[in-house]
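Colleague: Build me a model from this:
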Amino acid sequence: CLSPAQYFCSGEYKPSDWHHYGLAAPVYTHFTSPIRRYADVCVHRLLAAAIGVAPLPTHLSSKSYLHDLAANMNRRHRAAQLAGRSSVQLHTLIFFAGEHGGKAEDAYVLDVETADASNPSFSVIIPRYGIEGRVKLPHIDAADPKLVRQPDKYCIRYEEQEGNVTSIQVFDKVRVRISVREMQDTKKELVLELVQPEFGILTTKDTGEKRASKELNTNKKSKKARK
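Modeller: Model prediction:
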């Protein structure tokens, strides 16, 4: 993945490093209007001095000062991102903690784990809540011969003995159950479980009861046949 954007002084890097990858621009600086960040204030003042509109502030004429200033803005920007993510995570846990038994929602597959000997799992996004997370399939062993990985199609398949084949592929629509799991030391985590399609052994509470009832009916029939 790409590294996050960084504030830096152009005099400390070669011109070939001034480009913006996403915009495919060889030279790039940015600021917003209206001004919302101190970084924007600094860019405005430097540009104003460069085009002769205003004199350059004395403190901005020091290369070492600008270096420390850029480093501090990078730290603060990163800290703000982490704080925002933590806040979203906290309020998400609070919201779903009140859903006893979990909440089932539609989701779309973003990525599928297809590496050899890896535990089957896939990433999804839940549009209704804007949540992204990993759905694990702990009931299926990584060495299960019924599990077929197709890296070229970003897909995993499970082939039942009855000939039924279930697959999960990137962009597939699935249904997942969102719940909160209690951890040690009063910690909690958001858990995503697959509800549909039924992939391998059924694991959710509802589908588990259906599988158990089917097995019970089968056992009753076999006993009657013996009599």
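Colleague: So the residue nearest the centre of the chain versus Val124, what's the distance?
Modeller: For the chain, Glu132 is the residue whose C-alpha lies nearest the centre (Cα atoms, centre = their mean; 4.4 Å). Per Cβ to Cβ, to the nearest Å, Glu132 is found 7 Å from Val124. To be clear about C-beta, it is placed using only N, CA and C from the backbone, and glycine gets the same treatment.
Colleague: Find residues that contact each of those two.
Modeller: Leu110 (Cβ atoms under 8 Å, 6 or more residues apart in numbering).
Colleague: tell me the secondary structure for Ser86?
Modeller: Taking DSSP: H, G, I helix; E, B strand; the rest coil as the rule, one finds Ser86 in the helix state.
Colleague: Quick one: mean pLDDT for whatever helix or strand the residue nearest to the centre of the chain lives in?
Modeller: Assigned by DSSP states H and E, Glu132 belongs to strand 131-136. The predicted model assigns strand 131-136 a mean pLDDT of 90.
Colleague: which of the residues in that strand are buried?
Modeller: Buried positions in strand 131-136, judged by neighbour count with 16 or more other Cβ atoms under 10 Å: 131, 133, 135-136.
Colleague: ok, those residues vs Val170, which is closest?
Modeller: Nearest to Val170, judged by Cβ to Cβ, of those is Val135 at 13.1 Å.
Colleague: ok, the closest one - contacts?
Modeller: Counting by Cβ under 8 Å, 6+ apart, Val135 touches 107, 121-124, 174, 176, 192-194.
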